[in-house]
Structures are given as C-alpha cells and as structure tokens.
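> pasting a predicted model and its sequence here:
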Amino acid sequence: MKHWGLVFLVVLLVQKQGIFLPVEADEGFITTKGVQFILNGSPFYTNGFNAYWLMYFATDPSTRNKVSSVFQEAKDHGLTLARTWAFNDAQDRALQTSPGSYNEQTFQGLDFVISEAKRYAIKLVLSLVNNYENFGGKKQYVNWARSEGQSVSSDDDFFTNSVIKGYYKNHIKTVLTRRNTITGVSYKDEPTIMAWELMNEPRCTSDPSGRTIQAWITEMASYLKSIDGNHLLEAGLEGFYGQSSSQKQQYNPNFQIGTDFIANNQIPGIDFATVHSYPDQWLPNSDRQSQESFLNSWLSNHIQDAQNILRKPVLFAEFGKSSRTSDYNQRDQLFNTIYSAIYSSARGGGAAAGGMFWQLFTKGMDSFRDGYEVIFSENPVTAAIIADQSQKLNKIRKMYARLRDIEEWNRARGIRSAKWTANNSSNIKN
C-alpha cells in the first residue's frame, strides 16, 4: 500500500502552487481495489442516506415530486449515495404481486427513481428483499410457497426451501434484466446503480450457528453475479459477529441472529461489508454512557476487521437515533461519532468508505415518520453536520483525483521527453 500521508503532502503542495485539476463526473461503474471503492480510477469515499420509500412514492404520479425533491436536497448537502428498496411483495403499490408477476406501474416508479438519481449524480444501493414483514419480505415468500402446497413451518424456510429460493432467484433476474422505460438502459448495465443488496438485515434465528445464512448468501451471490458482472454486491448485514470470530462476540448486543460478519463477508461475490448501528434499539435498558461506549467499540472493531481481515471496503449502511426516545442533541452526537470514525479511516486511505444515515425525508411525509427521520429544513444543526461530512469526504476524493492526474501528466511528459531526446539523437547522427 502506498504511503498516503506522503500522498496528501504532495497534493497540498500542488494546491499551493496553483495547480487545480477537476474531479471527473460521477459516471462509470464503481469497483473495488483492496479496501477502497474506485470510481474513474480514483478512490471513492461517499456520504449518503437511506430512503426506502422512493419507489413507493414514485409509483403514484401525485407523490412522485417527493423523489425529485429529496434528491435535490441531498445533492445540495453533498450526498452522493442513496440506499432504497427494489422490492415490494404483495403489499400496497406492490412491485411483485405474486411469484413472477409484476406491476408495471410500480416498475416504472423504480425506473423513475433510477433516472432521477442519475440526473442528480447520486449512486444507488438497491436492496432486493426484506427480512421483515414490511413490504412483504421473507414472510410473504413463505406464504406464497405455503399456498402452493409447500410444507413450510417458519419464515426462516425462506433460506432453505428450494421453491422459495426459486421465487427469489426469479426476482433477482427480473430486476437485474429490467430495461428502464425512461433511460432505455437495463438495470444490470446502469452505472448509476453502485451495488445490489441481497436482503435488508438478513436474520435466521432458527440457526444461530450461521450455517444457514452462510449457505444462502453463497448460493445467491453466485447466482446474481452470473447475471450481472458490472455491479458490486453486498449481503445487507448489520455486522454481528458469529462463530468464526467467537472472541469478538463480546462486542455484540446480547442476542444471536444467525449471521457472521467475518464469514459472511468472506464469501466469493460479496464485494464489500456493511454495518448498521442502533445503540438505542440494541441496548434499550443501558444508559447513555454505555451506549456510547458500545458504539465506539462497534465502529473501531468493524473498521479494523474490514481493513485487516476482510481486506474489503466497509459502508456504515444504516445508523440513527430516535427523536422519540432522545433529544436531537443526542442524535447529532451519534452522527458526529460515526462520521468521525469514517473520516479518520478515509483520510488515511482506510477501509471505512462512507455512511448512510437512516433516514432522509422531505416535507409533507408526516404519516411516514418513525422518529429517525431527518428533514433538513426542520433539523438545521443535523443538516450542517451532514453537509460538513460530505465536504470532508469530497476533499479526499479530489485529492486522490488530482494526484492521479498529476501522475498521468508526469508520465505523459516523460514519454514526450523520451521521444524528443530520441528524435534529436537521430537528427544529430544524420
């Protein structure tokens, strides 16, 4: 690995000499190289947000403007990544009404979300199914299979029943091969999409050993990659440690859900790790100091493990603190703690590549409030904290891009110099 401290010194010197080279537009597919995301040849660090509701609102023409508004507000605050649902199973405004049957109007809503994200230069992480009952999830898949005569007794049969796995694979294929009716580009060929997520917070409490989830991720990652070789893939994990790193289970909240942060993220086809952070939910009976201590350990351990064991980037894909159980100052402190950990890693070229808070709303969404919502016009202090993090991470991106351009310029100058020397030598001999 390069000595990035020297890299930044070089870039600062270049800036002082007045050499400013533009950062390329956020076009092209994001890839990985070691512990970093790469876009247009340079490391990509990102500040982002969750907005699960985008397709739901885009399906109805009367609420579609909320999607455009939230992307505009996100861009105004320097946000460059959004995570949202590419599923809605047999619920209101369903995408998949029954196995293999899709609502075209809802699909066009997702088309609109992707086209608007492209317009506002915001990359997307699209999740393909829910662990929970909201928007259908694995429970709906199990109910579909039961109605077809399958002998299923638990929602966790989602991970093992061959018929259900067939339903889910068909959903993967249908979404990835969808041709956007607005842009004309198939989803699997759309660079606005940064990554696919296999499941929002997969849990299999019936098998705390983790073997069931491990086998399911392995199978589904391989299948998805057989269709789409352009995009990154992540599993949707919350970050809980399992049996492969039993010495680290002490850092978990006191429950087991059948996932394994290390083993699951070492599966071929899983390109980067994700971590969620909800100390107020996970430690509801602990005092504020205990929750803060947990959070600091949670952050540092996962960054170190991504850096040293997984050797892959890590995104803090969900975090927040409910205004229903704490004041906004406490939420702002949590944001600052997480943002500081990400920035400390990123400025040294480390594995923490960004974060996505839960969740961004725009005005007029009162019935959807869950206590975690951030509305920039209502929460100016939080908005300033978010914008500051965006600016910091963008500066890192610009530094890397400028250094790369300087290296390319020097390389080109060296080639021109060598050609000039060779030509002059030839002229002298003649």
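Cool, got the structure.
> would you mind measuring from residue 64 to residue 119?
13 Å (Cβ to Cβ, to the nearest Å). Heads up, the C-betas are built off the backbone N, CA and C, glycines and all.
> for residue 255, see how far away residue 186 is.
From residue 186 to residue 255 the distance is 40 Å (Cβ to Cβ).
> quick one, which of those two is more surrounded?
More crowded of residue 186 and residue 255, by other Cβ atoms under 10 Å: residue 186, with 14 against 10.
> phi, psi for the closest residue to the more buried one other than its chain neighbours please.
Take residue 186 and drop its neighbours on the chain: the residue closest to it by Cβ to Cβ, 6 or more residues apart in numbering is residue 179, 5.0 Å away. Per-residue torsions, residue 179: phi -100, psi 120 (degrees, to the nearest 10).
> kindly state the pLDDT recorded for residue 179?
pLDDT, residue 179: 98.
> I'd like the numbering to begin with 554 instead of 1 from here.
From this message on, residue numbering opens at 554, which makes the last subject residue 732.
> now do the end-to-end distance for stretch 916-931.
End-to-end distance for stretch 916-931: 9 Å, by Cα to Cα, to the nearest Å.
> tell me how far the residue nearest to residue 739 lies from residue 660.
On the measure of Cβ to Cβ, residue 732 and residue 660 end up 10 Å apart.
> over to residue 710?
Residue 710 is 28 Å from residue 660, by Cβ to Cβ.
> before we move on, what about residue 628?
From residue 628 to residue 660 the distance is 25 Å (Cβ to Cβ).
> neighbour count winner among those two?
Each of residue 628 and residue 660 has its neighbours counted (other Cβ under 10 Å); residue 660 has more, 20 against 15.
> the more buried one looks like it's in a helix, true?
Yes - if the criterion is DSSP: H, G, I helix; E, B strand; the rest coil, then residue 660 is within a helix.
> so what's it up against?
By Cβ atoms under 8 Å, 6 or more residues apart in numbering, residue 660 lies in contact with 648, 731, 734.
> please list only the buried members of those.
Neighbour-count burial (16 or more other Cβ atoms under 10 Å) applied to the contacts of residue 660 gives 648, 731.
> okay, the contacts of residue 660 in JSON lines with secondary structure next?
Formatted as JSON lines, the contacts of residue 660 follow (three-state DSSP):
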{"residue": "648", "secondary structure": "coil"}
{"residue": "731", "secondary structure": "coil"}
{"residue": "734", "secondary structure": "coil"}
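> and of the contacts of residue 660, the nearest to residue 932?
Distance to residue 932, by Cβ to Cβ, is smallest for residue 648 among these, at 30.8 Å.
> so who does that closest one touch?
When contacts are counted by Cβ under 8 Å, 6+ apart, residue 648 touches 608, 639-642, 655-656, 659-660, 663.
> inside strands: which ones of the residues you listed?
residue 655 (DSSP state E).
> what is the burial count for residue 934?
12.
> next: residue 592.
26.
> what do you get for residue 959?
15.
> name the element it belongs to?
Here residue 959, judged by DSSP states H and E, is contained in helix 933-982.
> mean confidence for that helix?
77.
> sorry, back to before: what's the burial count for the residue nearest to residue 739?
As a burial measure, residue 732 scores 13 neighbours (other Cβ under 10 Å).
> distance of it relative to residue 612?
18 Å.
> same deal with residue 734?
Using Cβ to Cβ, we find residue 734 at a distance of 13 Å from residue 612.
> picking up where we left off before, contacting residues for the residue nearest to residue 739?
738-740.
> same list (the residues you listed) but as a markdown table, adding pLDDT.
A markdown table is the format used below for the contacts of residue 732 (pLDDT from 0 to 100):
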| residue | pLDDT |
| --- | --- |
| 738 | 98 |
| 739 | 98 |
| 740 | 98 |
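> just the closest of these to residue 769, please.
residue 740 (22.3 Å).
> was I right to think that closest one contacts residue 733?
Yes - using Cβ atoms under 8 Å, residue 740 is in contact with residue 733, at 6.8 Å.
> quick one, which of these two is more surrounded?
Using other Cβ under 10 Å as the criterion, residue 740 and residue 733 rank with residue 740 on top: 25 against 21.
> would you list the phi and psi of residue 782?
phi -100, psi 0.
> can you check residue 584 too?
Dihedral pair for residue 584: phi -120, psi -170, per degrees, to the nearest 10.
> residues touching it, list them.
590-592, 785.
> thinking residue 912 is in contact with residue 601, fair?
No - with contacts counted by Cβ under 8 Å, residue 912 stays clear of residue 601, the gap being 11.0 Å.
> looking at the two, which is more packed in?
residue 601 (27 against 19).
> would you state the strands of the stretch 754-903 of the chain in chain order?
With strands called from DSSP state E, counting those that start in this stretch, the stretch 754-903 of the chain shows them at 785-787, 826-830, 867-872.
> so can I have a markdown table of these showing mean pLDDT and mean neighbour count?
A markdown table is the format used below for these (pLDDT from 0 to 100; neighbours: other Cβ atoms under 10 Å):
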| stretch | mean pLDDT | mean neighbour count |
| --- | --- | --- |
| strand 785-787 | 98 | 23 |
| strand 826-830 | 98 | 26 |
| strand 867-872 | 98 | 27 |
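> out of those strands, which gets nearest to residue 794?
strand 826-830 (11.1 Å).
> show me what the closest one is in contact with.
750, 754, 787-792, 814, 818, 848, 851-852, 855, 859, 863, 865-872, 887, 891.
> that one pairs with which strands, and in what direction?
strand 867-872 (parallel) (DSSP bridges).
> can you give the distance of the strand it pairs with from its chain's centre?
Centroid separation between strand 867-872 and its chain, computed with Cα atoms, centre = their mean, to the nearest Å, is 7 Å.
> can I get it in CSV? Just the C-alpha atoms.
Output of strand 867-872 as CSV, limited to C-alpha atoms (Å, rounded to 0.1, in the frame of the first residue of the first chain):
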residue,chain,number,x,y,z
VAL,A,867,-17.0,-1.2,4.7
LEU,A,868,-20.0,1.0,4.5
PHE,A,869,-21.9,2.0,7.6
ALA,A,870,-25.1,1.4,5.7
GLU,A,871,-27.6,2.3,8.4
PHE,A,872,-27.4,4.4,11.6
